[in-house]
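Novice: fold the stuff below for me.
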Amino acid sequence: MKTTTFLTFVGDQCGKAKEAIEFYTSLFPNSEVKSITNYAQGEAGGTPELIKYGVFTLNGTEYGVSESNYAHKWSFSPGVSLFVDSDSEEEIDTLFEKLVAHDGMVMVPLDNYETGDYGFGKKFGWVQDKYGISWQVNLAE
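Specialist: I've put the predicted structure just below:
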């Protein structure tokens, strides 16, 4: 049995999945787009320029992706996020800045734990990127 994080781009984000996975795979070593299947002409759920199903990896971890132009009543939520643990402060700082750049939103500023401790690292931040995906970045102890 295997579990995989699956990202579905809908609403305002529909049509941006390819751009997003190209951006994400550029941020992490050992990352690649493994496969992309687009919708066929006239197929329900999308158009030929949209991703019906795709697979990519970020530092060896596999993710699934799709897009749908249906009028879904949901989208991405910060309640579910991708958590990145690193033992390199430089990696955490760089990743946070790149994710926040170009219309990202800081949800928890990247900072050292001087006044409190979340209990899982030395430095932590939370950002929502321009595609609506929420990321937690953590400098491991």
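
Novice: pLDDT value on Q41, please?
Specialist: What the model reports for Q41 is a pLDDT of 96.

Novice: the nearest residue to it once chain neighbours are set aside: neighbour count?
Specialist: With sequence-adjacent residues excluded and distances taken as CB to CB, 6 or more residues apart in numbering, Q41 is closest to P48, at 5.5 Å. C-betas here are computed from N, CA, C, even on glycine. The tally of other residues near P48 (other CB atoms under 10 Å) stands at 11.

Novice: now P48. Its backbone dihedrals?
Specialist: Backbone geometry at P48, expressed as degrees, to the nearest 10, gives phi -60, psi -20.

Novice: isn't it up against N38?
Specialist: Yes: using CB atoms under 8 Å, P48 is in contact with N38, at 5.4 Å.

Novice: check the offset of the helix or strand of the chain with the lowest mean pLDDT from the chain's centre.
Specialist: Of the helices and strands making up the chain, the lowest-confidence element is strand 105-112, at a mean of 86, by mean pLDDT, DSSP states H and E. Strand 105-112 has its C-alpha centroid displaced from the chain centroid by 16 Å (CA atoms, centre = their mean, to the nearest Å).

Novice: adjacent strands (with direction) for that strand?
Specialist: When pairs are called by DSSP bridges, strand 105-112 turns out to pair with strand 123-128 (antiparallel).

Novice: tell me the angle the next helix or strand after the strand it pairs with makes with strand 105-112.
Specialist: The first helix or strand that comes after strand 123-128 along the chain, using DSSP states H and E, is strand 134-139. Taking axes from the mean of the first three to the mean of the last three CA atoms, to 10 degrees, one finds that strand 134-139 is oriented at 10 degrees with respect to strand 105-112.

Novice: show me what strand 134-139 is in contact with.
Specialist: Applying CB atoms under 8 Å, 6 or more residues apart in numbering, the contact partners of strand 134-139 are 76-89, 92, 95-96, 99, 107-108, 110, 120-129.

Novice: likewise for stretch 47-67?
Specialist: For stretch 47-67, contacts defined as CB under 8 Å, 6+ apart pick out 4-10, 13-15, 17-18, 20-21, 24-25, 27-41, 43, 45-46, 68-69.

Novice: quick check: end-to-end length of it?
Specialist: The first and last residues of stretch 47-67 sit 10 Å apart, counting by CA to CA, to the nearest Å.
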